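> the following comprises the amino acid sequence and a computationally predicted model.
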Amino acid sequence: LYKIKDKQGRLITFRPNYPQLKHLAERGNHKRNLILKARQFGFTTLYCIDELDEALWVAGRSCAILAHEREALDKIFEIVKRAFLNLPEEIKPFTKYDTKRMLQFVARFDGEPLDSSIYVAMKLRSGTVQRLHITESSKIKDREELDAGSKQAVPMSGWISEETTGNGFEAFYDLYTDSTGN
């Protein structure tokens, strides 16, 4: 259903690769997920598609993806936007906003109210999101803002996923090893 660009720059249909499938199987219904990863496994792409899917089909959903630097914001949102723009017209929802880093949906293709959104930012300032993905979490400099601000925008019933490369003995690495008992 969703189109992405592969490593050669070709437009292809998204199909989860082995590391992504393994993660999804292990994630199950866990609502708080830490992903310590190697580079180029496509976890950011996976969560762009996963959260877009949620915003397109579940009424009232607000989904956000946080990045550690401004340069990454546009690249990440391109993944979301490409997948949305390449949807078949007959199932594409009606948009209220289509901005540089946000899509807000008013109604599904069949006219049913949707009132959902997906956006990319460096931090959450207000409001509530039901799905939050944090990419390159260990590179976010203001961990206090992340923990006390952005993560607090997600209710206990919501989902938070954080992925990053290890980057040595930083806060994310410590959090990951503490949660796994290693």
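All right, it came through fine.

> which strands border the helix or strand containing Val106, and is each parallel or antiparallel?
Using DSSP states H and E, Val106 sits in strand 102-107. Strand pairing for strand 102-107, using DSSP bridges, gives strand 94-98 (antiparallel), strand 113-121 (antiparallel).

> in TSV: these, plus mean neighbour count, mean pLDDT and distance to Glu51.
Backbone N, C-alpha and C define where each C-beta goes, glycine included. As requested, the strands paired with strand 102-107 are arranged in TSV below (neighbours: other Cβ atoms under 10 Å; pLDDT from 0 to 100; distance: least, Cβ to Cβ, whole Å):
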stretch	mean neighbour count	mean pLDDT	distance to Glu51
strand 94-98	13	86	16
strand 113-121	20	96	6
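
> which one of those lies closest to His68?
Closest of these to His68 is strand 113-121, at 11.3 Å (criterion: Cβ to Cβ).

> tell me which helix or strand of the chain sits lowest on mean pLDDT?
Among the helices and strands of the chain, helix 171-180 carries the lowest confidence by mean pLDDT, DSSP states H and E, at a mean of 61.

> point out where the protein drops to low pLDDT.
Scanning the chain with the threshold set as pLDDT under 70 gives 167-182.
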